[in-house]
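**Q** Got a predicted model here, sequence first, then my questions.
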Amino acid sequence: MKKLLPFTPFLIFIALAGVFYASIGRNPTLNANGMVGKMFPAFNLPLLIDRNEPIPATSINLEQLILRFQKQGEQRPWLLNVWASWCPQCYHEHQFITSLADAGAIVVGLNYKDETENGLGFLNKMGNPYDIILADQEGALGFDLGVSGAPETFLIDPKGRILVRHAGVIDREVWQQKFASHWQTVTTKPLFEEPLRSSAL
Amino acid sequence: MQVKKLYSTKLVGFLKIVFLISFYFFLLSPKVQAVIEPPMLNDPQLEQRYRQLAEVLRCPKCQNQNISSSDAPIATDMRHKVENLLLEGKSNNEIESYMIERYGDFVTYDPPLRPRTLVLWFAPLLFFGFIATCFWVGFRGRQGSTDE
């Protein structure tokens, strides 16, 4: 013990260096998962666009949204993608959102703090993979979801419980790491049939 | 034997003044940070609580800023929410847990005591104990050597 004593500052330095090294590249803001495991917050929002109806209803609330999916048949989880025309990464991630919809996922859009005109312009240019898009101009639902910016993506089970939250761009890798296992607990069938190849990104 | 003076008394006096001035600015710094004017709530008690909350709530999109000093859109939203919740008559605790529910523990500079934060709260105490033990062991060791 006495022989070790002169080395304690050095040992403390090593321990601290280890802690700091482990934290490099970790973004604490992305780990704030306050809403995971809780019920999707209640809302009543106007629609930006509804794929199934040429003239969309003026507004929709949570119960109506969940009913809508139950009417579409089997119990399936759904995704909520927070996007905006002012968000550069949203353009970047849009292709992957489209591939999720193509693979058969229900994707709800949340047009976050955007102007109607700009939001529609984004869809005209990039295509519309969304089943339905809620217009959250004030960011009220975004706030209740703990959204701090766009893009963000949530996975919600058929009963309305939030299973996963991801802040930032979603891609195949993120899907495989964070979403795929939860997706399969609800539906048993994976969304993407072929396994992820690391070079396929 | 008289210890030889290393510095002139003039220099020491000058350094003291420099130290005091920098210390004064150090005390001033948190106030300089608060740049955004609090809203008029027409109740000094509410305004006081607003300032407390805006000080302790952390902007989730920033590196290290509370919402009273951040210009980020999310910080603006949070300030409005704090204002509204105060006017609705919610307590400080209720408002803090409202934010933690949505944005996680990250959102407060006053972290709650729970299993996950035990290390955070008690590590300084452990560290202090460790240092004290080191001193004690060192002291005893020296006493022992004088006996020899």
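**A** Arrived safely, thanks for sending.

**Q** C-alpha from now on. contacts and neighbour counts both.
**A** Noted.

**Q** Now tell me which helix or strand of chain B has the poorest mean pLDDT.
**A** helix B:9-33 (a mean of 77; mean pLDDT, DSSP states H and E).

**Q** next SSE after that one?
**A** Note on helix B:9-33: by DSSP states H and E, the next helix or strand toward the C-terminus is helix B:44-56.

**Q** That next one: how far from the chain's middle?
**A** From the chain centre to the centre of helix B:44-56 is a distance of 16 Å (CA atoms, centre = their mean, to the nearest Å).

**Q** So which bits of that helix are buried?
**A** For helix B:44-56, the neighbour count (16 or more other CA atoms under 10 Å in any protein chain shown) marks B:L46, B:E47, B:R49, B:Y50, B:R51, B:L53, B:A54, B:E55, B:V56 as buried.

**Q** how much space is there between the second one and chain A?
**A** The one in question is B:E47. When CA to the nearest CA, to the nearest Å is the yardstick, B:E47 and chain A sit 23 Å from each other.

**Q** what does the last one give?
**A** As for B:V56, its distance to chain A is 16 Å (criterion: CA to the nearest CA).

**Q** wait, that residue sits on B:T108?
**A** Yes. Under the criterion of CA atoms under 8 Å, B:V56 makes contact with B:T108 at 5.9 Å.

**Q** Going by distance to A:T188, which of the buried residues of helix B:44-56 wins?
**A** In terms of CA to CA, no member of these lies closer to A:T188 than B:V56, at 43.9 Å.

**Q** Closest to the mean position in chain B, which residue would that be?
**A** The geometric centre of chain B, computed from its C-alpha atoms, lies nearest to B:Y109 (CA atoms, centre = their mean), at 7.7 Å.

**Q** One more: chain A?
**A** With CA atoms, centre = their mean applied to chain A, the nearest residue to centre is A:T153, 0.7 Å.

**Q** Tell me the confidence at that residue?
**A** Per-residue confidence for A:T153 comes out at a pLDDT of 94.

**Q** Count the residues that sit near the residue nearest to it when sequence neighbours are not counted.
**A** Leaving out its chain neighbours, the residue that sits closest to A:T153 by CA to CA, 6 or more residues apart in numbering or on different chains is A:N81, at 4.5 Å. For A:N81, the count of nearby residues is 25 (other CA atoms under 10 Å in any protein chain shown).

**Q** Can you list the strands that the helix or strand that contains A:N81 pairs with?
**A** Under the criterion DSSP H and E, the helix or strand holding A:N81 is strand A:78-83. Strand pairing for strand A:78-83, using DSSP bridges, gives strand A:106-112 (parallel), strand A:152-156 (antiparallel).

**Q** Which one, of those strands, ends up nearest to A:Q89?
**A** strand A:152-156 (10.2 Å).

**Q** next one: the closest one to chain centre, how far?
**A** Strand A:152-156 has its average C-alpha position 3 Å from the chain's average C-alpha position, going by CA atoms, centre = their mean.

**Q** Quick one: list the elements packing against the helix or strand following it.
**A** Scanning forward in sequence from strand A:152-156 by DSSP H and E, the next helix or strand is strand A:162-167. With contacts defined as 3 or more CA pairs under 8 Å, 6 or more residues apart in numbering or on different chains; DSSP states H and E, the packing partners of strand A:162-167 are strand A:152-156.

**Q** residues in contact with the strand it packs on?
**A** The contact list for strand A:152-156 (CA atoms under 8 Å, 6 or more residues apart in numbering or on different chains) reads A:40, A:77-83, A:162-170, A:179, A:183.

**Q** and the helix ranked longest in chain B, is it in reach of chain A?
**A** With DSSP state H setting the assignment, residue counts place helix B:118-147 as the longest helix in chain B. Yes. Judged by CA under 8 Å from any CA of the partner chain, helix B:118-147 and chain A are in contact via B:C134, B:V137, B:G138, B:G141.

**Q** Restrict these to the buried ones and give me that as a PyMOL selection.
**A** In PyMOL, selecting the buried portion of the residues of helix B:118-147 next to chain A, with burial taken from 16+ other CA under 10 Å, looks like this:
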select buried, chain B and resi 134
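
**Q** possible to save the residues of helix B:118-147 next to chain A as a markdown table with distance to A:E117 and pLDDT?
**A** Supplementary listing: those in a markdown table, determined by distance: CA to CA, whole Å; pLDDT from 0 to 100:
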| residue | distance to A:E117 | pLDDT |
| --- | --- | --- |
| B:C134 | 68 | 84 |
| B:V137 | 73 | 85 |
| B:G138 | 73 | 81 |
| B:G141 | 78 | 74 |
